[in-house]
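Engineer: need a 3D model of the following:
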Amino acid sequence: MTPFPTPDADFERRLARRLLEVLIRAALLLGMALLCYRVLAPFLPLAIWALIFAVIFHPLHLRVAARLGGRPGLAATLLVLLGVVAFVVPIGVLMSSLGDSIRTLIEAVQQNTLRIPSAPETVAAWPLIGGKLHAFWSRAHDDLPALVQSMQPKISDLASATLGFVASIGGGLLAFLGALVLAGIFLAFAENGASGCLSVFERVAGQKRGARLARLSIATIRAVALGVVGVALIQAILVGLALLVAGVPWAGALAAVVLVLGIAQIPAVIVTLPAIVWIWTRGGGTGEAIIYTALLLVSGMADNVLKPLMLGRGVDVPMPVILVGALGGMAAGGIIWMFVGATLLALAWQVFTGWVDENPDENLSPGG
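Structural biologist: Down below sits the predicted model:
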């Protein structure tokens, strides 16, 4: 006679069967997610940049589309063309100047036409590195070919890396242009995309909180883009164009340095002051030097005006939180992670402060 299963044994079997089913489904979903990531991984940086551009330009896109009679596709096309004219062309000019300067330097070293000025005697008095730097500088002034020959392996590696960087400039501009075009496609279908993203946030965090977190994410991306990257890019373009007009050598390279300094929240005066000194020491008219100095001073201090206007606007999070998240993200994974880090830290701040403000005992009666 077969004994009847006890209720506990039957419950354990059903629980084990359900748990096994859940694990199988989770494994299938995980495998599908990994495969999808492997397929989409080559396009993720381009797609993330395009999404960032779409979020930044969406308010402007709505206004332009309304002016055009409610045609989002035409408005997106016009914005893409405006982005090409406003950013791709100036960046291309500066990067072309950088590439020409690097090629000229390499050719001058190879053909022994580069002339190094004599080292000032004050350099030798510098602490720690003064003596070695003065000796190296003097050797380069006296016999540059012999110095290049003695450092041939290192110089060859440096030249190869430099030429590779110059060659990658065109690829970077094409990627930037591709991100703008893809952002235009996102903007043309922005209504459906925004509705889908909002549904995801509401599904994860609930209807009320999900909508608030979705708005916070959008506002944070715009704040970082405009207040950190946007200000640094505008300042780098202004400084670079001023350097080109003033005839300062290596204008493209100096503009790239200004861009990096601006993203790292370091004043551009580190670049503009030596350029101003060079302008006054090269000779020429005083009036011309005054004009160039004014251009460099104004362009170098543009972030002092732009940053308070752009950083943190419309974001219900303290500005230091956004700035720390942006800088920490950039240090962890590059410029794209600047947006990711700022958004994550802003969301975490919002969730944490919401948890602090919530009082689970507020609805309880005094008697318990």
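
Engineer: any weak-confidence spans in the stretch 201-350 of the chain?
Structural biologist: 283-285, 308-316, 334-336 (pLDDT under 70).

Engineer: which secondary structure elements does the helix or strand harbouring Leu238 contact?
Structural biologist: Taking DSSP states H and E as the definition, one finds Leu238 inside helix 231-246. Using 3 or more Cβ pairs under 8 Å, 6 or more residues apart in numbering; DSSP states H and E as the contact test, the elements touching helix 231-246 are helix 89-110, helix 251-263, helix 269-281, helix 286-300, helix 302-310. From N, CA and C alone the C-beta is placed, and that goes for glycine too.

Engineer: what comes up buried for the fourth one?
Structural biologist: Meaning helix 286-300. The neighbour-count check on helix 286-300 (16 or more other Cβ atoms under 10 Å) flags Ala289, Tyr292, Thr293, Leu295, Leu296, Ser299, Gly300 as buried.

Engineer: CSV for those residues, including distance to Ser199?
Structural biologist: Compiled in CSV, the buried residues of helix 286-300 are given as follows (distance: Cβ to Cβ, whole Å):
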residue, distance to Ser199
Ala289, 60
Tyr292, 55
Thr293, 55
Leu295, 50
Leu296, 50
Ser299, 44
Gly300, 46
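
Engineer: now, which of the residues you listed sits nearest Ala194?
Structural biologist: Ser299 (36.3 Å; Cβ to Cβ).

Engineer: is it true that the closest one touches Ala242?
Structural biologist: Yes: Ser299 lies in contact with Ala242 (Cβ atoms under 8 Å); the separation is 4.8 Å.

Engineer: not counting its own residues, what contacts the helix holding Leu238?
Structural biologist: Contact partners of helix 231-246, identified using Cβ atoms under 8 Å, 6 or more residues apart in numbering, comprise 87, 90-91, 93-94, 97, 251-252, 254-256, 258-259, 261-263, 268, 271-272, 275, 279, 292, 295-296, 299-300, 302-303, 306-307, 310-311.

Engineer: any idea which element the nearest residue to Gly333 once chain neighbours are set aside lies in?
Structural biologist: Spatially, and ignoring its direct neighbours in sequence, Gly333 is nearest to Val340 (7.5 Å; Cβ to Cβ, 6 or more residues apart in numbering). Per DSSP H and E: Val340 is located in helix 335-357.

Engineer: now that helix, how far from the chain's geometric center?
Structural biologist: 18 Å (Cα atoms, centre = their mean, to the nearest Å).

Engineer: just the buried residues of it, please?
Structural biologist: For helix 335-357, by 16+ other Cβ under 10 Å, it's 337-347, 349-350.

Engineer: so the helix holding Leu238 versus helix 269-281, what angle?
Structural biologist: For helix 231-246 against helix 269-281, the angle between stretch directions is 10 degrees (axes from the mean of the first three to the mean of the last three Cα atoms, to 10 degrees).

Engineer: mind checking how far helix 231-246 is from the chain centre?
Structural biologist: 17 Å.

Engineer: between helix 89-110 and it, find me the angle.
Structural biologist: Helix 231-246 and helix 89-110 are oriented at 60 degrees to each other (the same axes, to 10 degrees).

Engineer: next, the angle from helix 231-246 to helix 286-300.
Structural biologist: 170 degrees.

Engineer: residues in contact with Leu327?
Structural biologist: Ala264, Gln265, Met338, Gly341.

Engineer: touching, the third one and Ala326? I think so.
Structural biologist: It stands for Met338. Yes: look at Met338 against Ala326 with Cβ under 8 Å: they come within range, at 4.7 Å.

Engineer: and the chain, what are its domain boundaries?
Structural biologist: Following automatic domain parsing, the chain resolves into domains at 43-188, 197-352.

Engineer: so what would you say the end-to-end distance of the longest one is?
Structural biologist: Yep, that's domain 197-352 we're talking about. The straight-line separation of the ends of domain 197-352 (Cα to Cα, to the nearest Å) is 22 Å.

Engineer: buried residues in stretch 37-49?
Structural biologist: Buried-residue list, stretch 37-49, by 16+ other Cβ under 10 Å: Leu46, Trp49.

Engineer: with stretch 46-64 instead?
Structural biologist: Quick answer for stretch 46-64 (16+ other Cβ under 10 Å): 46, 49-58, 61, 64.

Engineer: then stretch 319-335?
Structural biologist: In stretch 319-335, residues buried by neighbour count (16+ other Cβ under 10 Å) are Val321, Ile322, Leu323, Gly325, Ala326, Leu327, Gly328, Gly329, Met330.
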